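**Student:** sharing a model that was predicted from the sequence below.
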Amino acid sequence: MFDRLFAGALLGLSGLLAWTAYHFEVPFQYEPLGPKAFPLILSAILALCSVWLLLKPSENKWAPTAAVLVKLLSGVALMTGYAFLFEKAGFIISTAIVGTVFCILFGESTKRAVIYSVALSVVSYFLMKHLLQLNVPTGMLFGG
Amino acid sequence: METLDFLATGFSVALAPMNLALVLIGCFVGTLIGSLPGIGPINGVAILLPLAYAMGFPPESALILLAGVYYGAEYGGRISSILLNVPGDAGAIMTTLDGYPMAQKGEGGRALALSAVSSFFGSMGALILIVLFAPLLSDLAVKFGPSEFVWLMTFAFTCLATMVGSRPLKTTIGVVIGLLLATVGIDPGTGVLRYTMDIPNFFDGVDFLVVVIGMFAISEVLVLLESWLRNDMKMTPVGKSFISMSDIVAVKWVVLRSTLIGFIIGVLPGTGASIGSAVAYGTEKRFAEGKDDQFGKGDIRGLAAPEAANNASAAGSMLPMLTLGIPGSGTTAILLGALLMFNITPGPLLFEQQPQIAWGLIASMFVGNLALLVMNLPLIGMFVRLLSIKQSYLVPIIVMLTFIGIYSIHGDSFDLYFMVVLGVFAFILRKLGFSLAPVILGLVLGAVLEQNLRRALSISGGDWGILFNGPITITLAVATLIAMVAPFILKRLKKAK
């Protein structure tokens, strides 16, 4: 079932890609093939493969429980939130928050999660920023 | 003799103080990462790649570091296989078959030491073969024109499709997705914007690092989240046993054969350590049949074979990457991407024009493997202790490192969002039974394949016949056809029996 859904989506995508490629505006071109051919060939192969997969899907036993799905979605939400906060709130604050929630998701007690994540974020900040001299956002709170 | 001169140049690069330090750090960190539950070599290299890039090392030093992590992780992966019965990655699955029973019998120490020694000989054997074959292969490849390269890549993708993963069809789809991702951005030939969706961040193409980290590390975090269970795994104690000289003598032919098998399979494009170790194990099992065969119950031959083979194929997969620019495995695809980021195009000319990179890397692998053997025998207790690190402490570190790594490249939050999106996409792919290595291989080779195809047809003025214009192209075309058809015929024959 999952395979069929995915194959259908891929088939639609290959059509879209081919249509877009066909309509690339090429102002000048010195070679016979040009920028259109390669994407067109690829979308044709992709379409062919998706039809094949649509006709002959493989079995899929993946059946996550509601609890697992909630966990996965919260993981995705958490990482999206991290991406949002990373620059705005700065590395230390965002890492402390996101780290804490991840610790709790993996079964740590709240107190230990907080202590661990705060320590992790502060230590890594100085390690990454000053020892390795990487581009780590300080955040507005600390005047970054 | 010329080879020896080059090798000497290589050692002068590898033994320079900074590079020597980086080899040691790489191997140490690699073993560390390999022994941590849940992070295999490919994730280790992926997570460290942006950090190595952001720290501004010269290309050969960055490559030496990352390669050290790669084969270091192949060493480290056996620890959890032997003591926990949990393979760190696909290449270590075969190690559990006889390694874990040995540990259960109280011979954990012997198993760990034996696997370290087999890994060492496997890598060293493969490295010697690389030194012998690299000049030959690059001499041959210098004669390659665009149409030869088109076929070489088609051959690589075909091998990948028919030999890796659950279904050739899914591997092919993975490759095509990767190739399509590579077309995003400004077309270098005409300046046309392709599939950029008017997002400026895509004008330069999708960032290789963002794709690699998103697809491997972020999807790995989701997999860990999904599979996490409350009960902690029971670790088998290491025990006081150790390897004896007679053990090594007993497995010498096993190690030699497995090294050869691992190397050949590693060199074949697309097929990495997992297949190498499986074939070596199978071969040795057949050899031992009837002769006090203890395979599956803790036979030292069953442990030595996959360990020698997976390290030999890890080293072997470097050969096509360096000489032809065609990676032999998912991890070498990432290393190739790393080289391209430094504006270095691997291939036959690399050996002539930048010998310090190619030979420096090869020499550093000799040094690294020696260091790994030394590190792994006395320090094994420390790495074993790492196994008991809880995932609740590990996952925040992984997530943090990926975010720092990606952010420090451009300093743009867009990359972080895109990375998470790719992670979710890759997670879905994994759940549908796709493997990710083909996607990365497609992404890395996409631009090169298209350029060569277009160049070939420019030469011929649009005549596709140029793809069959000489003995080399025709040989490669036939090889591609064989790679496409042979597995199916073999399967039929097996069924007919």
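**Tutor:** Arrived safely.
**Student:** can you pull out the helices in the stretch 101-250 of chain B?
**Tutor:** For the stretch 101-250 of chain B, applying DSSP state H, counting those that start in this stretch gives helices covering B:108-142, B:146-163, B:168-183, B:208-212, B:219-227, B:245-250.
**Student:** and if you look at the stretch 351-497 of chain B?
**Tutor:** B:355-376, B:380-386, B:391-410, B:413-431, B:437-460, B:471-496.
**Student:** least confident of these, on average?
**Tutor:** For the helices of the stretch 351-497 of chain B, mean pLDDT drops lowest on helix B:380-386, to a mean of 79.
**Student:** pull the residues that contact that one.
**Tutor:** Helix B:380-386 is contacted from outside by B:31-32, B:35-36, B:76, B:79, B:83, B:109, B:112-113, B:116, B:235, B:238, B:376, using Cβ atoms under 8 Å, 6 or more residues apart in numbering or on different chains. The way it works is simple: take the backbone N, C-alpha and C, and place the C-beta from them, glycine included.
**Student:** host element of the residue minimising distance to the centre of chain B?
**Tutor:** Central residue of chain B (Cα atoms, centre = their mean): B:Thr331, 3.1 Å from the mean position. Here B:Thr331, judged by DSSP states H and E, is contained in helix B:330-341.
**Student:** that helix: how far from the chain's middle?
**Tutor:** 10 Å (Cα atoms, centre = their mean, to the nearest Å).
**Student:** list the helices and strands it packs on?
**Tutor:** helix B:41-54, helix B:59-84, helix B:208-212, helix B:318-324, helix B:437-460 (3 or more Cβ pairs under 8 Å, 6 or more residues apart in numbering or on different chains; DSSP states H and E).
**Student:** now it against helix B:355-376, angle please.
**Tutor:** 140 degrees (axes from the mean of the first three to the mean of the last three Cα atoms, to 10 degrees).
**Student:** CA atoms of helix B:330-341 as PDB?
**Tutor:** Presented in PDB, the C-alpha positions along helix B:330-341 are these (Å, rounded to 0.1, in the frame of the first residue of the first chain):
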ATOM      1  CA  GLY B 330      28.100   5.000   0.200                       C
ATOM      2  CA  THR B 331      30.800   6.300   2.500                       C
ATOM      3  CA  THR B 332      33.300   6.800  -0.200                       C
ATOM      4  CA  ALA B 333      30.600   8.700  -2.100                       C
ATOM      5  CA  ILE B 334      30.600  11.100   0.800                       C
ATOM      6  CA  LEU B 335      34.400  11.400   0.700                       C
ATOM      7  CA  LEU B 336      34.200  12.100  -3.000                       C
ATOM      8  CA  GLY B 337      31.600  14.800  -2.300                       C
ATOM      9  CA  ALA B 338      34.100  16.200   0.200                       C
ATOM     10  CA  LEU B 339      36.800  16.300  -2.400                       C
ATOM     11  CA  LEU B 340      34.500  18.100  -4.900                       C
ATOM     12  CA  MET B 341      33.700  20.700  -2.200                       C
END
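**Student:** hang on, the earlier thing: of the helices and strands packed on helix B:330-341, give the one that comes closest to chain A.
**Tutor:** Nearest of the helices and strands packed on helix B:330-341 to chain A, taken as Cβ to the nearest Cβ: helix B:437-460 at 4.2 Å.
**Student:** export that closest one as PDB, just CAs?
**Tutor:** These are the backbone C-alpha positions of helix B:437-460, laid out as PDB (Å, rounded to 0.1, in the frame of the first residue of the first chain):
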ATOM      1  CA  ALA B 437      23.600   5.100  -0.600                       C
ATOM      2  CA  PRO B 438      22.200   5.100  -4.200                       C
ATOM      3  CA  VAL B 439      20.700   8.600  -3.700                       C
ATOM      4  CA  ILE B 440      24.100  10.000  -2.500                       C
ATOM      5  CA  LEU B 441      25.900   8.200  -5.300                       C
ATOM      6  CA  GLY B 442      23.500   9.700  -7.800                       C
ATOM      7  CA  LEU B 443      23.900  13.100  -6.300                       C
ATOM      8  CA  VAL B 444      27.700  13.000  -6.400                       C
ATOM      9  CA  LEU B 445      27.900  11.700  -9.900                       C
ATOM     10  CA  GLY B 446      25.000  13.500 -11.400                       C
ATOM     11  CA  ALA B 447      26.800  16.600 -12.600                       C
ATOM     12  CA  VAL B 448      29.800  14.600 -13.900                       C
ATOM     13  CA  LEU B 449      27.600  12.200 -15.800                       C
ATOM     14  CA  GLU B 450      25.600  15.000 -17.400                       C
ATOM     15  CA  GLN B 451      28.700  17.000 -18.400                       C
ATOM     16  CA  ASN B 452      30.400  13.900 -19.900                       C
ATOM     17  CA  LEU B 453      27.200  13.000 -21.800                       C
ATOM     18  CA  ARG B 454      26.900  16.500 -23.200                       C
ATOM     19  CA  ARG B 455      30.600  16.700 -24.000                       C
ATOM     20  CA  ALA B 456      30.500  13.400 -25.900                       C
ATOM     21  CA  LEU B 457      27.600  14.500 -28.000                       C
ATOM     22  CA  SER B 458      29.200  17.900 -28.700                       C
ATOM     23  CA  ILE B 459      32.200  16.000 -30.100                       C
ATOM     24  CA  SER B 460      30.000  13.900 -32.300                       C
END
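**Student:** before we move on, back to that, ok, so of the contacts of helix B:380-386, who is nearest chain A?
**Tutor:** Using Cβ to the nearest Cβ, these come closest to chain A at B:Leu36, 14.1 Å.
**Student:** tell me how far the closest residue in space to the closest one that isn't next to it in sequence lies from B:Gly26.
**Tutor:** Using Cβ to Cβ, 6 or more residues apart in numbering or on different chains and skipping residues adjacent in sequence, the residue nearest B:Leu36 is B:Leu386, 6.0 Å away. Distance of B:Leu386 to B:Gly26, given as Cβ to Cβ, to the nearest Å: 17 Å.
**Student:** the more surrounded of these two?
**Tutor:** B:Gly26 (32 against 18; other Cβ atoms under 10 Å in any protein chain shown).
**Student:** spatially, which residue comes closest to that one, not counting chain neighbours?
**Tutor:** Closest to B:Gly26 by Cβ to Cβ, 6+ apart is B:Gly68, at 2.3 Å.
**Student:** quick one: neighbours of the one you found, just the number.
**Tutor:** B:Gly68, neighbours per other Cβ under 10 Å, totals 30.
**Student:** now do the contacts for it.
**Tutor:** B:22-27, B:29-30, B:364, B:368.
**Student:** with B:Gly30 instead?
**Tutor:** B:41, B:44, B:68-76.
**Student:** which SSE is it in?
**Tutor:** Counting by DSSP H and E, B:Gly30 is part of helix B:17-35.
**Student:** show me what counts as buried in that helix.
**Tutor:** Residues of helix B:17-35 classed as buried: B:19-20, B:22-24, B:26-35 (neighbour count, 16 or more other Cβ atoms under 10 Å in any protein chain shown).
**Student:** burial check on the residue in the stretch 151-300 of chain B that chain A sits nearest to, number of neighbours?
**Tutor:** At 4.0 Å from chain A, B:Asp187 is the closest residue in the stretch 151-300 of chain B, using Cβ to the nearest Cβ. Number of residues near B:Asp187 (other Cβ under 10 Å) recorded here: 21.
**Student:** what about residue 7, neighbour count?
**Tutor:** Unless you meant another one, I'm taking chain A. 22.
**Student:** let's do chain B instead
**Tutor:** 17.
**Student:** for it, what are its contacts?
**Tutor:** B:131, B:359, B:362-363 are the contacts of B:Leu7 under Cβ under 8 Å, 6+ apart.
**Student:** just the strands in chain A please.
**Tutor:** Per DSSP state E, chain A carries no strands over any range.
**Student:** next, count neighbours for the closest residue to B:Tyr53 other than its chain neighbours.
**Tutor:** Leaving aside its chain neighbours, B:Tyr53 sits nearest to B:Met341 (6.3 Å; criterion: Cβ to Cβ, 6+ apart). When neighbours are defined as other Cβ under 10 Å, B:Met341 has 17 of them.
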